[in-house]
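**Student:** can't give you the sequence, but here's the structure:
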Ligand SMILES: [Zn+2]
């Protein structure tokens with residue numbers, strides 16, 4: 001998992017030269033200014049570490065979510081297969097019942113045919129023959145239904161076969177998916193452990209009072225305790241800072257907070273041109 005890790009020195013952030021954080025001060029400061037700037041850089045680095053931890057948490061959530069999705073899909077496919085099997089059993093029962101009825105009718109027809117030989121009158125013979133005809137008709141219609149039932153069962157069996165194959169394919173896919181996800185989760189766990197200790201180090205470098213404010217602001221500002229000002233806009237809440245405040249933020253000789261979200265503010269537009277004192281920007285003029 002590759003992430004940009006802006007550092008205080010030797011930064012590897014794309015577009016930011018080594019030795020410069022992704023924010024800047026306009027001028028060289030006094031010794032007091034430099035101490036404050038160091039604190040601000042430490043806070044900025046801490047924010048960067050916290051951002052990475054948040055991103056890792058999101059990645060982990062997405063990965064475990066994808067496992068849950070696959071499990072849910074498998075469950076649904078299994079349930080659908082069971083439903084198909086139950087449906088086929090019902091159709092098989094209908095078929096067995098039809099078979100039973102047909103056998104019963106055949107038995108009756110045989111009985112009537114035996115009686116044909118024993119009747120004494122024509123009326124009795126016609127009555128028996130009428131019974132036989134009616135039974136034959138009923139048998140024929142039951143046989144049609146039995147054929148339909150068999151066809152439906154065959155069709156259902158073919159569908160079940162396809163569903164079983166599909167389920168097996170999904171099962172294999174889900175095993176492969178889980179292997180990949182487990183590996184990625186393992187990577188996140190390792191990266192998180194390393195980042196947590198890095199975070200502890202960075203926290204140790206920030207004065208307690210500033211740390212307290214940073215944590216407090218982060219709590220209600222979607223994790224942003226230090227915001228970058230670019231195009232006069234706060235990265236924490238998108239609020240526009242005044243030209244006057246922008247000058248103060250650029251100078252970096254006092255802590256500046258966003259009036260919108262309360263975050264510490266740093267100037268990002270000058271990144272890469274740090275402390276040469278020559279980069280008066282057109283946008284800085286009121
Ligand atoms: Zn803000």
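**Tutor:** Great, that's in hand. These figures come from a predicted structure and were not determined experimentally.

**Student:** Now do the same for residue 228: helix, strand or coil?
**Tutor:** Taking DSSP: H, G, I helix; E, B strand; the rest coil as the rule, one finds residue 228 in the strand state.

**Student:** helices or strands up against whichever strand or helix holds residue 187?
**Tutor:** Taking DSSP states H and E as the definition, one finds residue 187 inside helix 122-204. Contact partners of helix 122-204 among helices and strands, from 3 or more C-beta pairs under 8 Å, 6 or more residues apart in numbering; DSSP states H and E: helix 31-116. From N, CA and C alone the C-beta is placed, and that goes for glycine too.

**Student:** name the helices or strands packed onto the helix it packs on?
**Tutor:** Using 3+ C-beta pairs under 8 Å, 6+ apart: helix 31-116 touches helix 122-204, helix 208-220, strand 226-230, strand 264-267.

**Student:** at 6 Å what do you get?
**Tutor:** helix 122-204, strand 226-230 (3 or more C-beta pairs under 6 Å, 6 or more residues apart in numbering; DSSP states H and E).

**Student:** so how many other residues sit close to residue 170?
**Tutor:** 16 (other C-beta atoms under 10 Å).

**Student:** for residue 80, same thing?
**Tutor:** 13.

**Student:** Relative to the ion, how far out is it?
**Tutor:** 51 Å (C-beta to the ion, to the nearest Å).

**Student:** And that residue, what's its pLDDT?
**Tutor:** Note on residue 80: pLDDT of 97.

**Student:** Pipe the helices and strands packed on helix 31-116 into TSV and attach distance to residue 81 and mean pLDDT per row.
**Tutor:** Putting the helices and strands packed on helix 31-116 into TSV (distance: least, C-beta to C-beta, whole Å; pLDDT from 0 to 100) gives the following:
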stretch	distance to residue 81	mean pLDDT
helix 122-204	5	97
strand 226-230	53	95
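
**Student:** Break this structure into its domains for me.
**Tutor:** 31-55+205-277, 63-201 (automatic domain parsing).

**Student:** so which of these comes closest to residue 23?
**Tutor:** Set against residue 23 and scored by C-beta to C-beta, the domains of the chain come closest in domain 31-55+205-277, at 3.7 Å.

**Student:** Ends of stretch 199-214, what's the gap?
**Tutor:** Stretch 199-214 stretches 14 Å from its first residue to its last (C-alpha to C-alpha, to the nearest Å).

**Student:** did I read that right, residue 28 in a helix?
**Tutor:** No - using three-state DSSP, the assignment for residue 28 is coil, not a helix.

**Student:** Now whichever residue of the stretch 51-200 of the chain sits closest to the ion. Nearest residue, chain neighbours left out?
**Tutor:** Closest residue of the stretch 51-200 of the chain to the ion, C-beta to the ion: residue 51 (15.5 Å). Leaving aside its sequence neighbours, residue 51 sits nearest to residue 223 (C-beta to C-beta, 6 or more residues apart in numbering; 7.0 Å).

**Student:** same check, this time on residue 46
**Tutor:** In space, residue 46 is closest to residue 202, 4.5 Å off (C-beta to C-beta, 6+ apart).
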